[in-house]
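**Student:** After the sequence you'll find the predicted model.
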Amino acid sequence: MLRVDELTRRDHGLGLGPLSFQIEQGECLALTGPSGAGKSLLLRAVVDLDPNLGEVIADGRRRSGTPAPRWREIVRYFPADPGWWLDRVGDHMADKPAARDLLASLGFDDPDAVMSWQVSRLSSGERQRLALVRGLLGDARVLLLDEPTSALDVENRDLVEALLRGRLEQGNAILLVSHDPAQGARLAERSLRLEQGRLVSLS
Amino acid sequence: MTGYIELSYFDLLLASVLLLFNAGLSLALGLRLERQMLLAALRMTVQLLLVGLVLQALFATVSLWLTALVALIMALFAGREILSRQERRLKGWWGYGIGSATMLLAGMVVTVLALNGPLRPEPWYDPRYAIPLFGMILGNAMTGISLGLDGLTSLVGRERAAIEAQLTLGATRWRALRPIAQRALRTGFTPMLNSMAAAGVVFLPGMMTGQILSGVAPEQAVKYQILVLFLIAGASGLGVLTAVLASIWRLTDDRHRLRLDRLA
């Protein structure tokens, strides 16, 4: 589903890679390593948000032959600190009916009310869950998740993990950065460890 | 022109006493501006005296190429001025290049239009008309462009997360930067709107005042002023728009990435 070939970036002190790995359909690969190892840099490079070298293939499409906006629809990146550009939550949701369903599955009791919430008043946990909803609308095939539950309590964390498991069953591939080894163990079968921008183990 | 009161250098010297008063004030209040103030005044005097000499020589030889050359040099100075008014600039020659090129483009287009439309001197590039007109347009458009660009570059840095969130969700670079471009354009248009709204009520525009002082009937001077304000509005609009769009193009790339690394 996702194949990364010789991915390299040279823009940050130590640089990154070259890194090569694959994630199968329906598989979650955990990305671990100390802070500053380049985990977020790797995710940003895969969606082509920063200049980098190498090829990535997702769902049979080559990144080099796909316009960047289309690429980022297929390979969706969820940053640890999601940005918002309009005042209300609903203005960020491309597909409102689908968003309502997702909101309900993530424990928001009144999806219509949520749509009219002011972004500036959201708690960090709400932001995190709402950014997940926003990004899961559309036809993403590969999900790159950077600490998707870092601001959530156990109950909400379980809801998010259940949602992600559902996406895996539908055939999505997930690359997951998490500081919680237990979360990696729950969702992923294999893990990839980065240290100082280099791949040190793949198990 | 019906007669005007000629000024002597002694008259100017008398007027400069006001500046000395300011410098004294700065000294007394510890503002530490006296040095800067005197230097600026000295620079202004020398620059304008030189320009006077250049204009006299230029007007004596009516040449299209010479006029164009002077216009080019003016635009290059304007580009430098635009650059110096920005807190965060594009790296390399881009910051300077975009400023100068848009100044030249907007100033030229509007000046040539004015010279071939409402004014029609003979020949149309007669420097006695072309250069003062170009200078006025340049000076005012410059303010708009530098404000617009400063707005853009500072917003882009501050709103990085919001821009990248849109890119991540599949927006093109133009779409993702649209809200910021709109704000930058609004900032760039403001001085032009303000100067039109306030002209004649809050202040008497310098050009009109100058014409009246040199003996032109107020009714004619006013017509000239209105024309010039329209020209300034046109050039500011064109200049701010091209400068902001060119900078967005440079601040992103063909893979629709935000390239803050290209900002100094």
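**Tutor:** Okay, I see it.
**Student:** what does chain A have sitting close to chain B?
**Tutor:** A:11, A:47-51, A:67-70, A:72-73, A:76-77, A:79, A:81-85, A:94, A:131, A:134-135, A:138 (Cβ under 8 Å from any Cβ of the partner chain). (C-beta placed from N, C-alpha, C; glycine too.)
**Student:** how about residue A:19, secondary structure?
**Tutor:** Following DSSP: H, G, I helix; E, B strand; the rest coil, residue A:19 is assigned to strand.
**Student:** Let me see the contact set for the closest residue to it other than its chain neighbours.
**Tutor:** In space, residue A:19 comes closest to residue A:7 once its chain neighbours are excluded; the distance is 4.8 Å by Cβ to Cβ, 6 or more residues apart in numbering or on different chains. By Cβ atoms under 8 Å, 6 or more residues apart in numbering or on different chains, residue A:7 lies in contact with A:16, A:17, A:18, A:19, A:20, A:42, A:45, A:46, A:52, A:53, A:54, A:56.
**Student:** do residue B:175 as well
**Tutor:** Taking Cβ under 8 Å, 6+ apart as the test, what residue B:175 contacts is residue B:166.
**Student:** and what of residue A:190?
**Tutor:** Residue A:190 is in contact with A:27, A:29, A:30, A:202, A:203, counting by Cβ under 8 Å, 6+ apart.
**Student:** and if you look at residue B:68?
**Tutor:** Per Cβ under 8 Å, 6+ apart, neighbours of residue B:68: residue B:125.
**Student:** circling back to that earlier point, for the host helix or strand of the residue nearest to residue A:19, which positions count as buried?
**Tutor:** In the assignment (DSSP states H and E), residue A:7 maps to strand A:2-9. Buried residues in strand A:2-9, counted by 16 or more other Cβ atoms under 10 Å in any protein chain shown: A:2, A:3, A:4, A:7, A:9.
**Student:** Out of those, which one has the weakest pLDDT?
**Tutor:** Taken together, the buried residues of strand A:2-9 show their lowest pLDDT at residue A:9, with 91.
**Student:** Out of the contacts of residue A:190, flag the one nearest to chain B.
**Tutor:** residue A:29 (19.8 Å; Cβ to the nearest Cβ).
**Student:** Double-check that that closest one belongs to a strand.
**Tutor:** Yes. Looking at residue A:29 with three-state DSSP, it is inside a strand.
**Student:** Please name the residues that touch it.
**Tutor:** A:21, A:23, A:173, A:174, A:175, A:176, A:188, A:190, A:191, A:192 are the contacts of residue A:29 under Cβ under 8 Å, 6+ apart.
**Student:** ok, now with 10 Å
**Tutor:** Residues in contact with residue A:29 (Cβ atoms under 10 Å, 6 or more residues apart in numbering or on different chains) are A:2, A:21-23, A:173-176, A:184, A:187-192, A:202.
**Student:** The residue nearest to it when sequence neighbours are not counted bridge partners, please.
**Tutor:** Once flanking residues are discounted, residue A:29 sits nearest to residue A:23: 4.7 Å by Cβ to Cβ, 6+ apart. Applying DSSP bridges to residue A:23 gives these bridge partners: residue A:2.
**Student:** Could you verify my assumption that residue A:23 touches residue A:173?
**Tutor:** Yes. The pair residue A:23 / residue A:173 is scored as a contact, 4.3 Å apart, by Cβ atoms under 10 Å.
**Student:** More neighbours: which of those two?
**Tutor:** residue A:173 (25 against 21; other Cβ atoms under 10 Å in any protein chain shown).
**Student:** Count the residues that sit near the nearest residue to that one once chain neighbours are set aside.
**Tutor:** Spatial nearest neighbour of residue A:173, chain neighbours left out: residue A:1 (3.8 Å); criterion: Cβ to Cβ, 6+ apart. Neighbour count for residue A:1, taken as other Cβ under 10 Å: 18.
**Student:** ranges for the helices of chain A?
**Tutor:** A:39-46, A:68-74, A:96-105, A:111-115, A:124-136, A:154-169, A:181-187 (DSSP state H).
**Student:** Buried residues, the fourth one. List them.
**Tutor:** Going back to what we said before, that points to helix A:111-115. For helix A:111-115, by 16+ other Cβ under 10 Å, it's A:111, A:114, A:115.
**Student:** Among those residues, pick out the one closest to residue B:5, please.
**Tutor:** residue A:115 (70.7 Å; Cβ to Cβ).
**Student:** and whatever residue of the stretch 51-200 of chain B ends up closest to chain A, what is it in contact with?
**Tutor:** Chain A sits closest to residue B:161 of the stretch 51-200 of chain B, with a gap of 3.0 Å, by Cβ to the nearest Cβ. Residues in contact with residue B:161, defined by Cβ under 10 Å, 6+ apart, are A:79, A:81, A:82, A:83, A:84, A:85.
**Student:** Next: residue B:122.
**Tutor:** B:62, B:129.
**Student:** Repeat that for residue A:17.
**Tutor:** Residues near residue A:17 by Cβ under 10 Å, 6+ apart: A:4, A:6-10, A:38, A:41-42, A:45, A:52-54, A:194, A:197-199.
**Student:** What pLDDT is listed against the residue nearest to residue A:95 when sequence neighbours are not counted?
**Tutor:** Spatially, and ignoring its direct neighbours in sequence, residue A:95 is nearest to residue A:137 (4.5 Å; Cβ to Cβ, 6+ apart). At residue A:137, the model reports a pLDDT of 94.
**Student:** ok, residue A:137 touching residue A:99?
**Tutor:** Yes. In terms of Cβ under 10 Å, residue A:137 counts as a neighbour of residue A:99; the distance is 6.0 Å.
**Student:** Give me the more crowded residue out of the two.
**Tutor:** Taking neighbours as other Cβ under 10 Å, residue A:137 and residue A:99 compare with residue A:99 leading, 22 against 19.
**Student:** and the closest residue to that one other than its chain neighbours, what does it touch?
**Tutor:** Leaving aside its chain neighbours, residue A:99 sits nearest to residue A:93 (4.0 Å; criterion: Cβ to Cβ, 6+ apart). For residue A:93, the contact set (Cβ under 10 Å, 6+ apart) comprises A:99, A:100, A:102, A:103, A:111, A:114, A:115, A:130, A:133, A:134, A:137.
**Student:** now do residue B:165
**Tutor:** By Cβ under 10 Å, 6+ apart, the neighbours of residue B:165 are A:77, A:79, A:81-85, A:92, A:131, A:134-135, B:159, B:171, B:176.
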